[in-house]
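K.L.:
Fold the following, please.
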Amino acid sequence: MSELTGWIDRQYRHCATAMLRSISPVQLVKDRPGFGQSIRAIKGSVIASPVLGAYDPDPDYFFHWFRDSAVVIDALRLLHQDGTLGAEAVTLFADFVQFSQDLQRLDGRKLVSPDAWRTRVTPEFQKFVRPEAELAAVHGDAVVGETRVNPDGTLDISRWGRPQNDGPPLRALTLLRWLRGAQLGAAAQQQASSLLRDDLAYTADHWTDPCYDIWEEEKGQHYYTLCVSARALEEGAAWLAGAGEQQRAQALHSQTQLLRRRLDQFWSPELKYYRSRDLPAGARSAKELDIAVILAAIHTAAADNVHSVHDPKMHATLAALERLFAADYPINHRRPGSRGPAMGRYAGDVYYSGGAYYFSTLGAAEFCFRAAAGVRADAAWIARGDAYLETVRIHTPESGELSEQFDKKTGVQSSAKQLAWSYAAFISCVTARRAVVG
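P.N.:
Numbering: from 1, shown residues only. Below you'll find the model as predicted:
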């Protein structure tokens, strides 16, 4: 057994245990005195990090993000699939579905004055509170465009980038995979199917709407959101057809065709990569070369030749990102040939260290392993994926804990500690590697 393989197996077991701390963390309570809140997580919620922070300096990630939770619950499926977790995983999934369904009853109109909650917000935090008109608009299907909610199942009252429309299609893909690959009880299957229909309906109705990107920073139309939407509607159409709902399936299929034509427009022949976003009024963004495009390919797990890990234009996009971060991050400048570049999000990132992300670097590795699977376990793709994993190994402490970032100059971990998405990304990456390496 090679040193890398031995580490992968140990780290995989650690990530499985660590990720579970973010699922149904009912023992955790988060006090936000500035907002006059005390939030206790309930069953089915998935928090981004179990380490409580208040930008002191760790960020406050005690929220249930629709996107992050879908990624984590999909990784939970992989742990169940390989036997790492048994019936516990099915129970956690059922709780997640129940929590998600209960959120549909949220109604921001109930938070409009004269409700007393605003009086508990301290004067210095009033500027961070959402206006009444914005809260009043949150009801019905608008709830899942909220980006995130509190893990006690209440609306987030703080100002944030909304709407964000990647959560419903990503959750739909997770639900579809669970429904196809796990033995669920009749009640859990019925609930998951109901939630799936709602997510497919939201995606079909709202994919043309401008929304915030995966990083919650710029409003426009985004490659990642549209890519996961196309895949969710495509797989959802097949699922509905299998259930005998031909008319609804055909409607989703038609939407998929429109989405794919829209995705084609993100390719730039001049830049030679898929641009990550189109902003209103033709505005250009410095964030157009973005790891989100690569994450779209692995999160959709499509076997197509276009907009997937088998797309030569995707390969060109990954190469452009490698060149960007290899030049931009000092930790990449003197790395040996056995290590791939640590990967971030986009050029000029200033969030915390503005450096490498574990899920970005692991996402690049998973891309390579998935690409290898399409060409009879191509050795070059596998070696490239392993080089990324070597970089992750070098920047992972003995404890195995994975934060959100590691500094682009020092390699020291930064931003949120024990990020659930980082652990989920490792599990997903290693699962893809084992499919081609064994």
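K.L.:
Other residues contacting the helix or strand harbouring residue 318?
P.N.:
Taking DSSP states H and E as the criterion, residue 318 maps to helix 312-328. Residues outside helix 312-328 that contact it (Cβ atoms under 8 Å, 6 or more residues apart in numbering) are 267, 271-274, 289, 291, 293-294, 297, 306-308, 332-333, 340-344, 347, 356, 364, 367, 371, 408. (C-beta placed from N, C-alpha, C; glycine too.)
K.L.:
Tell me which of those fall in strands.
P.N.:
Mapping these onto strands (DSSP state E) picks out 267, 273-274, 356.
K.L.:
So which of the residues you listed is surrounded by the most neighbours?
P.N.:
Using other Cβ atoms under 10 Å as the neighbour criterion, residue 274 leads the ones in strands among the contacts of helix 312-328 with 28 neighbours.
K.L.:
Show me the beta-bridge partners of that one.
P.N.:
Judged by DSSP bridges, the bridge partners of residue 274 are residue 267.
K.L.:
Can you give me the buried ones in stretch 141-160?
P.N.:
Of the residues in stretch 141-160, 142-153, 155-158 count as buried by neighbour count, 16 or more other Cβ atoms under 10 Å.
K.L.:
So which of the residues you listed belong to helices?
P.N.:
Among those, no member falls in helices (DSSP state H).
K.L.:
What is the nearest of those residues to residue 52?
P.N.:
Distance to residue 52, by Cβ to Cβ, is smallest for residue 151 among the buried residues of stretch 141-160, at 11.6 Å.
K.L.:
how far away is the closest one from residue 86?
P.N.:
As judged by Cβ to Cβ, to the nearest Å, residue 151 and residue 86 stand 25 Å apart.
K.L.:
again, but for residue 315
P.N.:
As for residue 315, its distance to residue 86 is 38 Å (criterion: Cβ to Cβ).
K.L.:
same check, this time on residue 232
P.N.:
Residue 232 is 28 Å from residue 86, by Cβ to Cβ.
K.L.:
doesn't residue 24 make contact with residue 43?
P.N.:
Yes: counting by Cβ atoms under 8 Å, residue 24 is a contact partner of residue 43 at 4.8 Å.
K.L.:
between the two, who's got more neighbours?
P.N.:
Neighbour totals were compared for residue 43 and residue 24, and residue 24 leads with 20 against 17 (other Cβ under 10 Å).
K.L.:
That one contacts residue 92, doesn't it?
P.N.:
Yes: look at residue 24 against residue 92 with Cβ under 8 Å: they come within range, at 6.1 Å.
K.L.:
the strands in this protein, which residues?
P.N.:
Under the criterion DSSP E, strands of the chain are mapped to 29-32, 37-40, 64-65, 148-149, 211-212, 219-222, 267-268, 273-274, 277-278, 356-357, 405-406, 413-414.
K.L.:
quick one: which of residue 315 and residue 86 has more around it?
P.N.:
Neighbour count, other Cβ under 10 Å: between residue 315 and residue 86, residue 315 has more, with 16 against 10.
K.L.:
winner for burial among the strands of the chain?
P.N.:
Burial of the strands of the chain is given as mean neighbour count (mean count of other Cβ atoms under 10 Å); strand 405-406 ranks first at a mean of 28.
K.L.:
my guess is residue 407 contacts residue 395, does it?
P.N.:
No: here residue 407 lies out of contact with residue 395, judged by Cβ under 8 Å, at a distance of 9.2 Å.
K.L.:
May I have stretch 310-329 as PDB, with CA atoms only?
P.N.:
Listed next in PDB are the C-alpha coordinates belonging to stretch 310-329 (Å, rounded to 0.1, in the frame of the first residue of the first chain):
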ATOM      1  CA  HIS A 310     -15.700  14.400 -20.700                       C
ATOM      2  CA  ASP A 311     -16.100  17.800 -22.400                       C
ATOM      3  CA  PRO A 312     -12.800  19.000 -24.000                       C
ATOM      4  CA  LYS A 313     -14.000  22.600 -23.200                       C
ATOM      5  CA  MET A 314     -14.300  21.500 -19.500                       C
ATOM      6  CA  HIS A 315     -10.700  20.200 -19.800                       C
ATOM      7  CA  ALA A 316      -9.600  23.600 -21.100                       C
ATOM      8  CA  THR A 317     -11.400  25.300 -18.300                       C
ATOM      9  CA  LEU A 318      -9.600  23.200 -15.700                       C
ATOM     10  CA  ALA A 319      -6.300  23.800 -17.400                       C
ATOM     11  CA  ALA A 320      -6.900  27.600 -17.300                       C
ATOM     12  CA  LEU A 321      -7.700  27.400 -13.500                       C
ATOM     13  CA  GLU A 322      -4.600  25.400 -12.900                       C
ATOM     14  CA  ARG A 323      -2.500  28.100 -14.600                       C
ATOM     15  CA  LEU A 324      -4.300  30.800 -12.600                       C
ATOM     16  CA  PHE A 325      -3.700  29.300  -9.200                       C
ATOM     17  CA  ALA A 326      -0.200  27.900 -10.000                       C
ATOM     18  CA  ALA A 327       0.900  31.500 -10.700                       C
ATOM     19  CA  ASP A 328      -1.200  33.300  -8.100                       C
ATOM     20  CA  TYR A 329      -0.600  31.200  -4.900                       C
END
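K.L.:
Same question for that stretch: list its buried residues.
P.N.:
Going by 16+ other Cβ under 10 Å, stretch 310-329 has these buried residues: 310-311, 313-315, 317-318, 321-322, 324-325, 328-329.
K.L.:
got it, and stretch 407-424?
P.N.:
Neighbour-count burial for stretch 407-424 [16+ other Cβ under 10 Å]: 407-408, 411, 413-424.
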